[in-house]
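K.L.:
Below are the sequence and a predicted model; questions follow.
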Amino acid sequence: MTSYRKDFPILDQQVNGAPLVYLDNAATSQKPHVVIDALKDYYHRYNANVHRAVHALSDQATVAFEHARDRVREFVNAGSRNEIIFTRGTTESINLVANCYTGLLKPGDEILISHMEHHSNIVPWQMLAARTNAVLKACDVNSQGDIDLESFAELLTDKTKIVAIAHVSNALGTVNPLQQIIEQAHEAGAVVVVDGAQAVPHFDVDVSALDCDFYAFSGHKMYGPTGIGVLYGKEKLLDVLPPWQGGGEMIETVSINKSTYNTLPYKFEAGTPNIAGAIGLGAAIDYLTQLPRDEIKTSEDELLRLTLSQLKQIDGVRLVGEPEKRISVVSFLVDGSHPHDVGTLLDQQGIAVRTGHHCAMPLMAQLGIPGTVRASFSLYNSPEDVDRLIAGVRKAVSFI
Ligand SMILES: Cc1ncc(COP(=O)(O)O)c(C=O)c1O
């Protein structure tokens, strides 16, 4: 298996006296040289605002920015570039949809999510429900960490107008049966908003094949910069939604009393966008798509298998969730200790993991735990990283 570690300059460092083992990829991934270079190149050579000027630098920036949109369209197989809206990230993408639906829901309409969702796929819907007097419902997650499909089917009714669901759980790595959920939701007459933050870094996503109505993801979890993300939306839906933020770029004409709005996708991109971020995201997509993604998926799955089998052999370690289908995220607890203490002991050995509720407090409540220690793998992790993690956990257990 090829090592991609050398593509990521940050990984070449010692932390607390040991070579860094970075296992917090579900929070944010590291950035390859090509992405850092693309950002530098933009600021060094052609920094200018997009779409607005006739001068050469602006033209160059606009071409690069719009090229990034085309790369995103291809990456998720959207039918049209009009369906790709640049946002700050998954959170803003979901908030965009939730805000735009304000005028389209009536009291008593229902929004259906799951207990597995990240807070950014819960709170915007709570706020929408509060604005419209709609009702927010959440289907159960079983002790394995899978969505309880019976609970989902029970809660899905002809009152359900929006189903918002994660493609992959950030806390447990569960890959949800999205195709089935989308089909059922459509039969009930609901639109489906997918939180794809944890899916796009790990496997190919085809929004056309999925037939989802909206799909949200962040650049920084897929080797791109922070502060840039994407909302994919079906053109026929985006066309009828009102804009959510007003300002430059999203208008066609403005008089003091009235404005008319720009065409898609600009109607949803008020103000100066994150130009460097979009160009960096395009570079991340170029990087990712020239790699053998199936091979990388197999190697990430192998790291997952190794980690699970070795953690199971440590007395006092309890795995949290054993979902049917998952990506390379492992959540666990060490008996008699708080996850933060385990995380701190691992950090002292140069191993970066995440601890806590992972912005999924309703999931933790459903599982009856305050939080977990989470190790999440990426394409630059290796079996040696797993060995270091396991040795680190053994050491932590011996201290506790
Ligand atoms: C499943 C999931 N949804 C949404 C988010 C929010 O992403 P962002 O903070 O990039 O907007 C995250 C981030 O951890 C996530 O894992």
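P.N.:
Ah, there it is. Numbers count the residues shown, from 1 in each chain.

K.L.:
residue ranges with poor pLDDT in the stretch 201-350 of the chain?
P.N.:
Within the stretch 201-350 of the chain, no stretch falls below the threshold (pLDDT under 70).

K.L.:
and the helix or strand hosting K137, which residues are buried?
P.N.:
Using DSSP states H and E, the element containing K137 is strand 135-139. Under the neighbour-count criterion of 16 or more other C-beta atoms under 10 Å, strand 135-139 has L136, K137, A138, C139 buried. (Glycine included, C-beta is placed from N, CA and C.)

K.L.:
can you check stretch 56-76 too?
P.N.:
Going by neighbour count (16+ other C-beta under 10 Å), the buried part of stretch 56-76 is 58, 60-62, 64-65, 68-69, 71-73, 75-76.

K.L.:
so how far is the first residue of stretch 331-340 from its last?
P.N.:
End-to-end distance of stretch 331-340 (C-alpha to C-alpha, to the nearest Å): 13 Å.

K.L.:
List the buried residues in that stretch.
P.N.:
By neighbour count on 16+ other C-beta under 10 Å, the buried set for stretch 331-340 is S331, F332, L333, V334, S337, H338, P339.

K.L.:
What of stretch 195-213?
P.N.:
Buried-residue list, stretch 195-213, by 16+ other C-beta under 10 Å: 195-202, 205, 207, 210, 212-213.

K.L.:
Let's have the residues you listed in CSV, adding secondary structure.
P.N.:
Formatted as CSV, the buried residues of stretch 195-213 follow (DSSP: H, G, I helix; E, B strand; the rest coil):
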residue, secondary structure
D195, strand
G196, coil
A197, coil
Q198, coil
A199, coil
V200, coil
P201, coil
H202, coil
V205, coil
V207, helix
L210, helix
C212, coil
D213, coil
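
K.L.:
Right, and the ligand sits closest to which residue of the stretch 201-350 of the chain?
P.N.:
Residue nearest to the ligand within the stretch 201-350 of the chain (C-beta to the nearest ligand atom): S218, separated by 3.3 Å.

K.L.:
quick one on the thing from earlier: summarise which helices and strands the strand holding K137 is packed against.
P.N.:
Here strand 135-139 touches strand 110-114, helix 123-132, helix 149-155, going by 3 or more C-beta pairs under 8 Å, 6 or more residues apart in numbering; DSSP states H and E.

K.L.:
Nearest residue to the middle of the protein?
P.N.:
Centroid check for the chain by C-alpha atoms, centre = their mean gives A197 as the closest residue, at 1.1 Å.

K.L.:
Could you tell me how many residues sit around the closest residue to that one other than its chain neighbours?
P.N.:
Take A197 and drop its neighbours on the chain: the residue closest to it by C-beta to C-beta, 6 or more residues apart in numbering is T90, 4.3 Å away. Neighbourhood size, T90 [other C-beta atoms under 10 Å]: 28.

K.L.:
got it, and R81?
P.N.:
Residues near R81, counting by other C-beta under 10 Å, number 15.

K.L.:
give the contact list for the residue nearest to A197.
P.N.:
Counting by C-beta atoms under 8 Å, 6 or more residues apart in numbering, T90 touches H118, S120, D195, G196, A197, A216, F217, S218, G229.

K.L.:
quick check, nearest of those residues to N49?
P.N.:
G229 (20.2 Å; C-beta to C-beta).

K.L.:
who's that closest one bridged to?
P.N.:
Beta-bridge pairing of G229 under DSSP bridges involves T87, S218.

K.L.:
ok, it to S259 distance?
P.N.:
With distances taken as C-beta to C-beta, to the nearest Å, G229 is found 26 Å from S259.

K.L.:
what about those two, which has more around it?
P.N.:
G229 (28 against 14).

K.L.:
From N274, how far out is the more buried one?
P.N.:
Distance from G229 to N274, counting by C-beta to C-beta: 9 Å.

K.L.:
Cool, thanks, signing off.
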